[in-house]
Structures are given as structure tokens and as C-alpha cells.
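1. sharing a model that was predicted from the sequence below.
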Amino acid sequence: MARYPQGGGMTDAGRERRERVRMQAAQWFADGRPNAWIAAQLRVGLRQVEKWRQAWRQGGPEALRSKGPHRRARLDRAAFARLEAELNRGPAAHGYADDQRWTLGRIAALIKSLFGVEYTLPGVSLLLRRNGWSVQVPGRRAIERDDQAVEVWKEQVWPQVEAPRATWAPGSASTTRQVKGSGRRADAPGRGGDTGRG
């Protein structure tokens, strides 16, 4: 995997080349050419051509022009402080009523809704770790936790669960077992050198 330099990984010449390809695609969109044909002619993926056509439909050829070097937006300290405040309100405050866990996907969605910035899941994880958060350890206790009910359970229910087991069960006075294929018990002494062979 190549690692690109800052600025999106493309030189000015590379961006110009890509823009020429997109402009050619825009011309063929206007001519009514199908996506598969355009992808084959330009030697690009069909999915890429579909994205270009969607952008072209919404904004015409200008939507396919280069926007210059791309730098991923990052949250500054003030933005992260706001994010942290929202995280501390809990998932329920943001419409996640099914459970009270913050997942990387939920946090990414929250960042996008608050700041209009898209983060990948590894990017969210890195952002949290840089700011002292752990994705393994919950930052707060569940809202529905009832400390009094927990204490009652520990004092009354848990001792019953951990009650000692009986050492014998009714219905059997012996702890010996039958030897397969024999009427004798495994621990019964032999008679006069009898080894059990016929």
C-alpha cells in the first residue's frame, strides 16, 4: 500500500490528468454514452464512473473539476470539547435507546452530524485515543443501573446461587459403577483368583 504525501497524494500534474479524464466522461455523459462503455474507454472502474455521473447530474461538468489539494479536516480542541460533552450525555440523548454503548460507528455519525466532517472508524479510534479516551472501557455507567437492586441481588440472590451442593443424591446407596458387559461391580473383590475370564 502506498503512503501519499500530505495534500491528497497527487501532484498538480496528476490532478490535471484526472480532471481531463473526468471532463471527457462529462462529455460522454452529455452524449448519452453508457457507464460501462465510458469505464472501458477511460480504463477506470465502473463504480467510479457511476459516482462521476451522479455528480454530473447534480452539478454539471463543474462538479467534476478538481478542487485542489485535499486535506482531511480534523477536529480542533474546541470542537473535540464539544464532542466530548455530547458523548458524556450518552447514546440515548442522540437517539440510541436500544443500548447505552458508544460504538466507533455511532461516534463517527455524531461527528458528521455536529461538524460535517467524515471520519473512518480507525480515524475515530485514533481521535479518541489522542484525547485520552479508551474504546475498550465504558466512560460512564449505564443510565438504567439501579445500585439498590444490585445490592439486594448480591445479598439475597447470589448466596442462593452459590449454595453448597449435596454430597449424595437420593436413589443410590453406592458410589460404585457397573463394569460394561459384566454383572460385577468394578470395585468388587475377585473370588479365588477369578479374573473374570470365561
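-> Happy to help now that I have it.

2. how many neighbours does Ala79 have?
-> Neighbour count for Ala79, taken as other C-beta atoms under 10 Å: 15. Every C-beta, even on glycine, is put in place using the N, C-alpha and C of the backbone.

3. same deal with Ile38?
-> Neighbour count for Ile38, taken as other C-beta under 10 Å: 24.

4. what's the separation between it and Trp56?
-> Going from Ile38 to Trp56 by C-beta to C-beta, to the nearest Å gives 11 Å.

5. ditto for Thr120
-> If you go by C-beta to C-beta, the gap between Thr120 and Trp56 works out to 26 Å.

6. which one's more surrounded, those two?
-> A direct count of neighbours by other C-beta under 10 Å for Thr120 and Trp56 places Trp56 higher, at 18 against 11.

7. which ones are touching Arg106?
-> Each residue near Arg106 by C-beta atoms under 8 Å, 6 or more residues apart in numbering is listed here: Pro91, His94, Tyr96.

8. what's the answer for Pro91, then?
-> Neighbouring residues of Pro91 by C-beta under 8 Å, 6+ apart: Asp99, Gln100, Arg101, Trp102, Arg106.

9. at 7 Å what do you get?
-> Contact analysis of Pro91 by C-beta atoms under 7 Å, 6 or more residues apart in numbering lists Gln100, Arg101, Trp102, Arg106.

10. check Leu127 too.
-> Leu75, Tyr119.

11. what comes up buried for the helix or strand hosting it?
-> Using DSSP states H and E, Leu127 sits in helix 121-130. The neighbour-count check on helix 121-130 (16 or more other C-beta atoms under 10 Å) flags Gly123, Val124, Ser125, Leu127, Leu128 as buried.
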